Every structure is written in structure tokens, then in C-alpha cells.
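missing the sequence, but the structure's below:
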């Protein structure tokens, strides 16, 4: 499954759909933000290097937990895969929610929300510091419970690849599917910087945990605007990736105490 998520077929589909969306946006009068696209491509290039380092460290961490746990769920059972899918989705929901509510994690995740135009290409706008922000620890309990690391990584990759298709304005609402799945309409609300939408719709493939835990976005007729609510536009990929860390560490320094450092790191952004 992980191989499918990284396959040349998927990459070709990405290129095809990005091109089709570009044509649709121009023909529909929405325009295409080329400077934003350029920044996104710079971030994606940096993530090639960051991703290699992440793979080494996360591989070691996942393997260590797998070696330490006595639990083993059968990898050839469909029930294991079904439970694993729900487990990964549950872990992703809490990782994503924490990434909006804990400043240490937001320092990385803010990069993803910095695009002021929501396009398929903007799904690739990711920070370079996932390893430092420690969001990956949310998946360690699944391995400790007996889920094979290959299953966890494969399902997480597919979860993230699914989300590529959510970053677009070209698809409207999808009827009853809106109640169960994370759809483009649901994800647009997640990316909106309007007060009524901020910190909503954290799901990956599903939207059910948002309904269960009260973080579903309201249906509102208010036009959505994208980008970071309290940050200026930053076109430089390096400065953008490090901006929130720089601001957070400066505030930590001003806090004047160990307690203050932790308060800044763990407070909402």
C-alpha cells in the first residue's frame, strides 16, 4: 500500500490534475497565484531532504517500539487493517488538532496554512521541521498496541495522499458523503482564516471524529479567505519554514524562566 502511495502513476495523476485545475481556475476567472505556487515548489523541494532524514529517525523510533511490545496483530487479517485504518485516523485527528492548539507543533504546521489561494498544489506546502515538532509520536501507541509499523506507515501515507484531492475549489459539496468523509468542502472550511472556521475539521479521510468531539465547522455563507490570520505573506520558503520557530524562541527568551518557556511552547498559537 505504501508503494501505491509513492507510485509513478500517482505522481502522474498529481501533475495531470494540477494542470487541469490551473486551466479551470483561469477559465472560470479565479486566476492562478503564480508567486504562491513558486513558494510551494520551493517548500516541496526542501521537503525531499527533510523527508529523507524523517524516514531514518522515524524508522528507528517505530522499530524500537515494535521490538519492545509483546503484542502482535496479524498482518494478514482484514480486521487488523480495518482497525488500523480507524486507529490511524484517530491518531491523525489528535495530531492535527494538537498542531493547531499547541504552539510547538503549530510552528511546523503553520506553513501548510500560509497559502492565500487553495489549490491542489498547495497541499504540498509543508514545513520542514516535522521531526522537531514531534507530531509523529501520536502514532507510536498504535505500534505499541500491536499494529505492524508497515501497516501504520502505509495507511498514514494513503491518508495523506487522499488529502491531496481535498485542496481545491473546483469540487462543490458531495451530498451525504459530507457527513462521513473529509471532502473538499469540509477541508476548505479547515483552511479558511475566518473566525467562524478557525480550528475546525481536523479529520484526514473521515470527518466523524470532528462530529464526535465537537470540532465540525459550521455551515456558513460567509465567503472564505485563506492564509494565516495574523501573519504577513512570506514568499521565501526558508524564512517561511523558520518564521514561527523564530518568533516562538524569541518569546521563550523573553519569558525569563523555565516555566515560561514551557508555557510558550505548549500554549495555543
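Okay, I see it. None of these values were measured; they are calculated from a predicted model.

which residues sit in contact with the nearest residue to residue 243 once chain neighbours are set aside?
In space, and not counting its chain neighbours, residue 243 is closest to residue 234: 6.2 Å by CB to CB, 6 or more residues apart in numbering. Yep, even glycine has a C-beta here, placed from its N, CA and C like the rest. Neighbour list for residue 234: 114, 240, 243 [criterion: CB atoms under 8 Å, 6 or more residues apart in numbering].

Could you report the distance from residue 234 to residue 47?
From residue 234 over to residue 47 the distance is 17 Å, taken as CB to CB, to the nearest Å.

Quick check: which ranges of the protein have low pLDDT?
Low-confidence segments of the chain (pLDDT under 70): 1-6.

can you count the residues close to the residue nearest to residue 113 when sequence neighbours are not counted?
Nearest non-adjacent residue to residue 113, counting by CB to CB, 6+ apart: residue 228, 5.8 Å away. Neighbour count for residue 228, taken as other CB atoms under 10 Å: 19.

show me what contacts residue 228?
Residue 228 makes contact with 110, 113-114, 193, according to CB under 8 Å, 6+ apart.

Can you check which helix is longest in this protein?
Selection of the longest helix in the chain by residue count, based on DSSP state H, yields helix 34-68.

Now that one: buried residues?
Residues of helix 34-68 classed as buried by neighbour count (16 or more other CB atoms under 10 Å): 36-37, 39-40, 42-44, 46-47, 50, 54, 58, 61-62, 65-66.

now stretch 133-151
Across stretch 133-151, burial judged by 16+ other CB under 10 Å covers 133, 135-136, 138-140, 142-143, 146-149, 151.

One more: stretch 68-76?
So for stretch 68-76, counting by 16+ other CB under 10 Å, buried means residue 73.

what about the nearest residue to residue 222 once chain neighbours are set aside, how many neighbours?
In space, residue 222 comes closest to residue 194 once its chain neighbours are excluded; the distance is 5.6 Å by CB to CB, 6+ apart. Neighbour count of residue 194, defined by other CB under 10 Å: 15.

and residue 194, what are its phi and psi?
Dihedral pair for residue 194: phi -60, psi 150, per degrees, to the nearest 10.

Check residue 73 too.
The phi/psi pair for residue 73 (degrees, to the nearest 10) is phi -100, psi 140.

tell me which element residue 215 falls in.
Of the helices and strands defined by DSSP states H and E, none includes residue 215.

Correct me if wrong: it contacts residue 202.
Yes. Counting by CB atoms under 8 Å, residue 215 touches residue 202, with 5.8 Å between them.

Mutual contacts of those two, please.
Residues touching both residue 215 and residue 202 (CB under 8 Å, 6+ apart) are residue 97.

The two - which one has more neighbours?
residue 202 (23 against 19).

about what we covered before: out of the buried residues of stretch 133-151, which is nearest to residue 259?
residue 133 (21.1 Å; CB to CB).

thought the closest one was touching residue 111?
No. Judged on CB under 8 Å, residue 133 makes no contact with residue 111 at a distance of 10.7 Å.

Between the two, which contacts overlap?
residue 127.

tell me the SS of residue 245?
Per DSSP: H, G, I helix; E, B strand; the rest coil, the local secondary structure of residue 245 is helix.

residues near it, how many?
Residue 245 has 17 neighbours, counted by other CB under 10 Å.

which residues sit in contact with it?
Contacts for residue 245 (CB under 8 Å, 6+ apart) come out as 107, 129.

how about 10 Å then?
Residues in contact with residue 245 (CB atoms under 10 Å, 6 or more residues apart in numbering) are 104, 107-108, 110, 127, 129, 132-133.

Highest neighbour count among the residues you listed?
Counting neighbours by other CB under 10 Å, the top entry in the contacts of residue 245 is residue 127, with 27 neighbours.

For that one, what are phi and psi?
When read as degrees, to the nearest 10, the backbone of residue 127 gives phi -70, psi 160.

Surely it is in contact with residue 241?
Yes. Between residue 127 and residue 241 a contact is recorded at 5.4 Å, counting by CB atoms under 10 Å.

residues bridging contact with those two, i.e. touching both?
Common neighbours of residue 127 and residue 241, counting by CB under 10 Å, 6+ apart, are 43, 46-47, 50, 107-108, 110-111, 114.

All the helices of the stretch 51-200 of the chain, in order from the start?
Using DSSP state H, counting those that start in this stretch, the helices of the stretch 51-200 of the chain run over 78-101, 103-109, 130-133, 140-144, 149-164, 184-191.
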